[in-house]
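Enquirer: how would this look folded up:
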Amino acid sequence: MIADPEAHSDDWDPFGQNLFDDPSVRALSRVGVVDVGSNSVRMVVFDGAARSPAYFYNEKVMAGLGQGMAETGRLNPRGRERALAALLRFSLLARSMGAAPLSCVATAAVRDAKDGLAFVQQVEKQTGLKLWIIDGQEEARLSAQGVLLGWPGAEGLVCDMGGNSMELAVVAKGKVHARISAPIGPFQLQQVKGGAAGVTAHVASVLESLAEKMGRTHQRIYLVGGSCRAIARLDMERRRYPMTVLHEYRMSPEDVTKTVDWIGENDIEGLRARTGTSLARMELVPLASLVLQQLVKSFAPQELAVSSYGIREGLLYEQMPERLRRRDPLLEACRHAERAMARTPGFGKKLCAFILPLFADAPPERMRLIRAACLLHDTTWRAHPDYRAESCFDNVTRANMAALSHPERVFLGLALLHRYKNSRAGSNLAPIFGLLDEAQQREAEVLGKAMRFGAMFSVNSPEDAGELALLRNPARLQLALSKRGEGLYGEVAEARFLSLAASMGAKPVVIKR
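Expert: Numbering: from 1, shown residues only. A predicted model of the protein is given here:
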């Protein structure tokens, strides 16, 4: 779901003015951020000013700064060494990439440790990096802004589960509202007395208190943080889900309960091997699962959605001009891809105009996918012809794109597959197609075949060669040819037009205008 495009039509029009020409946007061409957390230390360098920016560089070290801190009150000594070494490397890398100065934040472990300030001073002295120690409220705000970067229309509760703390924030109408933080991360729970029963009672008490303060009416909870993503990946494994893209993966409360029970019944090392989860992350999963299960009980959401975007993306969102924030992340990413990879940048707009009469009744959420498909239709042209269709599908279903649900990914991928391939019968991708019902698969096929016809009918301006129309009672697909179009309508063009008509269950009609 995205914000209302009509409110800012000039900014939202995917075929309008190019924001990359704006100096305030170009200033974001390469932005580096560092997140010093209780468990991991990570640097991300974002490249490109698109509303859905590319990850130019991404490196993480599981330093474990907060391990044992609940007992000692100090940062883990080995964790300090590992974090310092990582930060020195990050500072040097950022300079070589043109991403300096880095925006650096330190969260729960550093802000709560007795030696946290000394660590910050040591980091600045040895690496030149200035760490910004943020409190729980600010951490919750930045995490929620990261969710808004990926979900402009997000409505619900953001839950960021870190190693030492959990942050909650309410998001609605593109803004971050109430925020709260609690020391209930897995590292903290390791020090709770009373065994499993004691930990369970403690978690229930804390989350019930948080639910009273934040409200129990949130229909969706957005999950942020490595432990939540690890649990979601395990849920995929249990359900034999056909995709492994975590962003926008959805779980029901029942799914969470079944997966937590399933984790308890299986060998952790075996699960780690099956999902490729790091040992440091997997060790925290049992306690994180307990927290997630109680979160579901206390807040009673209708669904939980995984966000791969959090504090680091929130720091980038902080630097975006307002009108860039208002853009549709999906369409901006597609425009960027067309500009960088298509043979004829700008043709996507013409192709969309040519086929749009076939989709006049499409709702806004479908129309944005049609536009996205047209922008992407030629971005894999360099792939080998025998694999181009599958390459299109893979690129979309696995791409780092925001504001795109899993069924929407498959719809877009299937449409692009049919841009290059007439039939999907016998495809080894069939399990993924199953995320769409048969009617949706047919819609994607029609879109793909419309692009397939339009893209080769005229490689320059198909709307100058002919005009498509969908006539009713009985269903007829009409192509009105211009004088130029009469010469372009050869055997191959005719075959693709007939294939499109067949996919629509319409009688093909060709006239001269």
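Enquirer: got phi/psi on the spatially most central residue of the chain?
Expert: For the chain, the residue nearest the mean C-alpha position is A402 (3.8 Å; C-alpha atoms, centre = their mean). Backbone torsions for A402, taken as degrees, to the nearest 10, come to phi -100, psi 170.
Enquirer: how close does it get to A154?
Expert: 11 Å (C-beta to C-beta, to the nearest Å). The way it works is simple: take the backbone N, C-alpha and C, and place the C-beta from them, glycine included.
Enquirer: pLDDT weak spots in this protein?
Expert: Along the chain, segments meeting pLDDT under 70 span 1-28, 48-50.
Enquirer: what's the domain layout of this protein?
Expert: Following automatic domain parsing, one gets these domains for the chain: 137-312, 329-512.
Enquirer: let me have those domains in CSV, extended by distance to R95.
Expert: Conversion of the domains of the chain to CSV gives the following (distance: least, C-beta to C-beta, whole Å):
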stretch, distance to R95
domain 137-312, 19
domain 329-512, 25
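Enquirer: any idea which of those domains gets closest to Y55?
Expert: domain 329-512 (6.2 Å; C-beta to C-beta).
Enquirer: and the helix or strand where A94 lies, what does it pack against?
Expert: Taking DSSP states H and E as the criterion, A94 maps to helix 77-97. Judged by 3 or more C-beta pairs under 8 Å, 6 or more residues apart in numbering; DSSP states H and E, helix 77-97 is in contact with strand 30-36, strand 41-47, strand 54-61, helix 116-127.
Enquirer: what do you get if the cut-off is 10 Å, keeping everything else the same?
Expert: Under the contact criterion of 3 or more C-beta pairs under 10 Å, 6 or more residues apart in numbering; DSSP states H and E, helix 77-97 touches strand 30-36, strand 41-47, strand 54-61, strand 103-106, helix 108-112, helix 116-127.
Enquirer: isn't the residue nearest to the centre of the chain up against G150?
Expert: Yes: between A402 and G150 there is a contact under C-beta atoms under 10 Å: 3.9 Å.
Enquirer: which neighbours do those two share?
Expert: S52, H247, E248, S307, S308, Y309, E313, P329 (C-beta atoms under 10 Å, 6 or more residues apart in numbering).
Enquirer: neighbour-wise, which of those residues leads?
Expert: S307 (29 neighbours; other C-beta atoms under 10 Å).
Enquirer: that one contacts A403, correct?
Expert: No: taking contacts as C-beta under 10 Å, S307 lies outside contact range of A403: 11.5 Å.
Enquirer: overlap in contacts of those two?
Expert: L149, G150, W151, A154, H247, E248.
Enquirer: in JSON lines: those residues, plus distance to V105.
Expert: Output for those, formatted as JSON lines (distance: C-beta to C-beta, whole Å):
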{"residue": "L149", "distance to V105": "16"}
{"residue": "G150", "distance to V105": "19"}
{"residue": "W151", "distance to V105": "21"}
{"residue": "A154", "distance to V105": "21"}
{"residue": "H247", "distance to V105": "21"}
{"residue": "E248", "distance to V105": "25"}
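Enquirer: doesn't K114 fall inside a strand?
Expert: No: going by DSSP: H, G, I helix; E, B strand; the rest coil, the assignment for K114 is coil, not a strand.
Enquirer: show the contacting residues for it.
Expert: Applying C-beta under 10 Å, 6+ apart, the residues near K114 are M69, T72, G73, R74, L75.
Enquirer: could you redo the last one with a cut-off of 7 Å?
Expert: Each residue near K114 by C-beta atoms under 7 Å, 6 or more residues apart in numbering is listed here: G73, R74.
Enquirer: how far away is it from R335?
Expert: K114 sits 50 Å away from R335, going by C-beta to C-beta.
Enquirer: which residues in the stretch 401-513 of the chain form strands?
Expert: Secondary structure of the stretch 401-513 of the chain (DSSP state E, counting those that start in this stretch): strands at 466-471, 476-481, 507-512.
Enquirer: wait, which of those strands is closest to L92?
Expert: Of all the strands of the stretch 401-513 of the chain, strand 466-471 comes closest under C-beta to C-beta, at 56.0 Å.
Enquirer: which other residues reach stretch 396-416?
Expert: Here stretch 396-416 makes contact (C-beta under 7 Å, 6+ apart) with 2, 52, 54-55, 149-152, 243, 245, 248-249, 328-330, 333, 369, 372-373, 376-377, 392-393, 432-433, 435-436, 440-441, 444, 447-448.
Enquirer: residues of it that come out buried?
Expert: Buried residues in stretch 396-416, counted by 16 or more other C-beta atoms under 10 Å: 396-397, 399, 401-406, 408-416.
Enquirer: for stretch 315-334, same thing?
Expert: In terms of neighbour count (16+ other C-beta under 10 Å), stretch 315-334 has its buried residues at 315-317, 320, 324-334.
Enquirer: helices along the stretch 401-513 of the chain, start to end?
Expert: 406-420, 430-433, 438-457, 462-465, 483-488, 491-504 (DSSP state H, counting those that start in this stretch).
Enquirer: redo those as CSV? Include distance to I231.
Expert: Shown next, in CSV, are the helices of the stretch 401-513 of the chain (distance: least, C-beta to C-beta, whole Å):
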stretch, distance to I231
helix 406-420, 17
helix 430-433, 22
helix 438-457, 29
helix 462-465, 48
helix 483-488, 55
helix 491-504, 41
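Enquirer: which of these is buried the deepest?
Expert: Comparing those by mean neighbour count (mean count of other C-beta atoms under 10 Å), helix 406-420 ranks first with a mean of 25.
Enquirer: what angle separates it from helix 438-457?
Expert: 40 degrees (axes from the mean of the first three to the mean of the last three C-alpha atoms, to 10 degrees).
Enquirer: now do the SS call for A169.
Expert: Under three-state DSSP, A169 falls in the strand class.
Enquirer: touching, it and C159? I think so.
Expert: No: between A169 and C159 there is no contact under C-beta atoms under 7 Å: 8.5 Å.
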